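Visitor: For reference, the sequence and a predicted model appear below.
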Amino acid sequence: MRKMMKKLAWNLILISVLLLSFQFPAASARRLGDHRYVNPSPAFPNLELLNLKFNQLTSPIPETIRYLSKLQFLDLNRNHLNGTIPLSLANLTQLYELDLSQNDIIGILYPRLFPDGSDEPKTSLIGIKYLVLQGMLLGGIIPNEIGNLKQLTVLTLYQNSFYGSIPPSLGNCTHLNILSLTVNNLLGAIPPTLGTLTNLTEVYLFMNNLSGPLPQGFENRSFTMLVISDNNFIGHLPPQIRVWEYPNLTYMDLSYNRLQDIIDATGNFAKKYCIGEGALGKVYKLILPREDKVFAIKKLVSEADTLDIESIKAFKSEIKALTETCHRFGTARFLKPDSSIWITFVSTYGYAAPELAYIMVVTEKIDVYSFGVLAIEVLMGEHLGELISYNRTSGMNQINFKEILDPRLSSTTHQKLKKLALIWHLALQCLQTNSHARPTM
């Protein structure tokens, strides 16, 4: 009964916020032109978490959101919101996670949303750690002020229309862990400052118009994911990549560029270097200059009319075979040229790890997260529900294990309770927000 009342109270809060803040079908409100609006109000001045994702909200984000000054978590992902990003968000100085993804929001990223670089900014998203603005209609340049977000951990601006260069000021974001700027219109070179970020582990820059040589001064050896395909990079691979000085790297994609090492080492994919052929391309023997290792590289050849699901399955099986036999193998993505058909990860919402919203690569750590959710469900005897969001804001390690335990298990012996507590603590480790802090399978 206690859990039921808690859920009911939480749902009433969300419904009330909906009624007070946004326009949506069937809302009871005063008529203004051809639309129906309600008057926003600072009804919840102490609200800290607001999760409205996967709804049918259709209005612009109201300027009156500034009154939620204690808000720490705001997720409006996958609605039909329009208009621009309101400058009043800069009043939410305690906000550490903002997700506006998959909406019809247009305009630019206003520099005034971010700290101005002064020691004591009065307003701005100064505490933001997770900034997720993907799958929207944003454009313009990425403002330099974004580099003043000292706590920024995840930045994903995937699938917008940003142009101009990548701000070198991102090198000031020393806590940055995941950077995704894919599917935009960005130009120029990768700033060498990104290579100085020792906490940066995942970089996704594919499908832009980036050019020039790859940075030679990458000092970061902690990369696990480096995906910069479908650009116009030229020249030679940096020495660190050529001698594999990235011990944690598990996925690297440099395909669809104009890097010279691979072209030179295979004689522009000459026949004499071909050692095999499959349905989706040919495999070439590759020896990089000043290397004593032999690599196998596959050049994909796909005809738009023949790349079907069965071919993709065959290629995925080939990748699995190659990786299990200790070949170094990088691949692009399963995409027809001039096509919008992508291989999509399928999962039940609530079980998928949060970083799946930021990246397009399924990793072992995502499976670990799902295992953690399932393990806690078994202990609780029900779905986690709002505890998933609570874990992002406060952490479930603050919860008394016995309070969430399924009543059918609460009367078990002390010895068995100790074993259940061990499962609880292991599951919490699986739900770490930082994927690299989770245990392995």
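Guide: The structure has been received and is ready for your questions.

Visitor: okay, and for the stretch 301-441 of the chain, where does confidence drop off?
Guide: Flagging of the stretch 301-441 of the chain using pLDDT under 70 yields the residue ranges 301-351, 354-362, 386, 388-398.

Visitor: hang on, Val203 packs against Gly195?
Guide: No: taking contacts as C-beta atoms under 8 Å, Val203 lies outside contact range of Gly195: 9.9 Å. C-beta coordinates here come from the backbone N, C-alpha and C atoms, glycine included.

Visitor: Leu210: how many residues sit nearby?
Guide: Leu210: 23 surrounding residues under other C-beta atoms under 10 Å.

Visitor: And what about it, helix, strand or coil?
Guide: strand (DSSP: H, G, I helix; E, B strand; the rest coil).

Visitor: what sits against it?
Guide: Taking C-beta atoms under 8 Å, 6 or more residues apart in numbering, we find Leu210 in contact with Ile166, Leu186, Leu187, Gly188, Ala189, Ile190, Ile228, Asn231, Asn232, Phe233.

Visitor: now with 6 Å?
Guide: Leu186, Asn231 (C-beta atoms under 6 Å, 6 or more residues apart in numbering).

Visitor: low pLDDT regions in the stretch 1-150 of the chain?
Guide: In the stretch 1-150 of the chain (pLDDT under 70), the answer is 1-42.

Visitor: ok, which stretches of it are helices?
Guide: For the stretch 1-150 of the chain, applying DSSP state H, counting those that start in this stretch gives helices covering 2-21.

Visitor: Could you pull out the strands in it for me?
Guide: For the stretch 1-150 of the chain, applying DSSP state E, counting those that start in this stretch gives strands covering 30-32, 35-37, 49-51, 73-75, 97-99, 106-107, 130-132, 137-140.

Visitor: Now distance to Tyr284 and mean neighbour count too, for those strands, in TSV please.
Guide: TSV is the format used below for these (distance: least, C-beta to C-beta, whole Å; neighbours: other C-beta atoms under 10 Å):
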stretch	distance to Tyr284	mean neighbour count
strand 30-32	65	8
strand 35-37	60	14
strand 49-51	49	19
strand 73-75	46	21
strand 97-99	42	23
strand 106-107	45	14
strand 130-132	39	24
strand 137-140	40	16
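
Visitor: For Gly147, which of those strands is the nearest?
Guide: strand 130-132 (12.3 Å; C-beta to C-beta).

Visitor: helices and strands around the closest one, which ones?
Guide: Applying 3 or more C-beta pairs under 6 Å, 6 or more residues apart in numbering; DSSP states H and E, one finds that strand 130-132 contacts strand 97-99, strand 154-156.

Visitor: With respect to Thr156, which of the strands of the stretch 1-150 of the chain lies nearest?
Guide: strand 130-132 (5.2 Å).

Visitor: what are the pairing partners of that closest one, and which direction each?
Guide: Take DSSP bridges as the rule and strand 130-132 pairs in its sheet with strand 97-99 (parallel), strand 154-156 (parallel).

Visitor: how about those strands in TSV, adding distance to Leu138?
Guide: Below are the strands paired with strand 130-132 laid out as TSV (distance: least, C-beta to C-beta, whole Å):
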stretch	distance to Leu138
strand 97-99	13
strand 154-156	12
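
Visitor: Now do the same contact list for Lys271.
Guide: No contacts exist for Lys271 under C-beta under 6 Å, 6+ apart.

Visitor: For it, give its distance to Asp261.
Guide: 20 Å (C-beta to C-beta, to the nearest Å).

Visitor: of all the helices and strands packed on strand 130-132, which lies closest to Phe223?
Guide: The nearest among the helices and strands packed on strand 130-132, by C-beta to C-beta, is strand 154-156 at 15.7 Å.

Visitor: downstream neighbour of that closest one in the secondary structure list?
Guide: strand 161-164 (DSSP states H and E).

Visitor: Would you mark the buried spots in that next one?
Guide: For strand 161-164, the buried set under the neighbour-count rule, 16 or more other C-beta atoms under 10 Å, comprises Phe162.

Visitor: what's next to it, contact-wise?
Guide: Against strand 161-164 from outside (C-beta under 6 Å, 6+ apart): Gly139, Ile141, Ile142, Asn184, Asn185.

Visitor: okay if I get the residues you listed as JSON lines plus distance to Glu97?
Guide: Output for the contacts of strand 161-164, formatted as JSON lines (distance: C-beta to C-beta, whole Å):
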{"residue": "Gly139", "distance to Glu97": "24"}
{"residue": "Ile141", "distance to Glu97": "24"}
{"residue": "Ile142", "distance to Glu97": "19"}
{"residue": "Asn184", "distance to Glu97": "22"}
{"residue": "Asn185", "distance to Glu97": "27"}
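
Visitor: Of these, keep whichever come out buried.
Guide: Ile142, Asn184.

Visitor: dump the residue contacts of Thr193.
Guide: Pro168, Gly171.

Visitor: distance of it from Tyr158?
Guide: 21 Å.

Visitor: likewise Glu403?
Guide: For Glu403, the distance to Tyr158 - C-beta to C-beta - is 38 Å.

Visitor: Also Leu47?
Guide: 28 Å.

Visitor: likewise Glu48?
Guide: 27 Å.

Visitor: Tell me which of these two has more neighbours.
Guide: Tyr158 (22 against 14).
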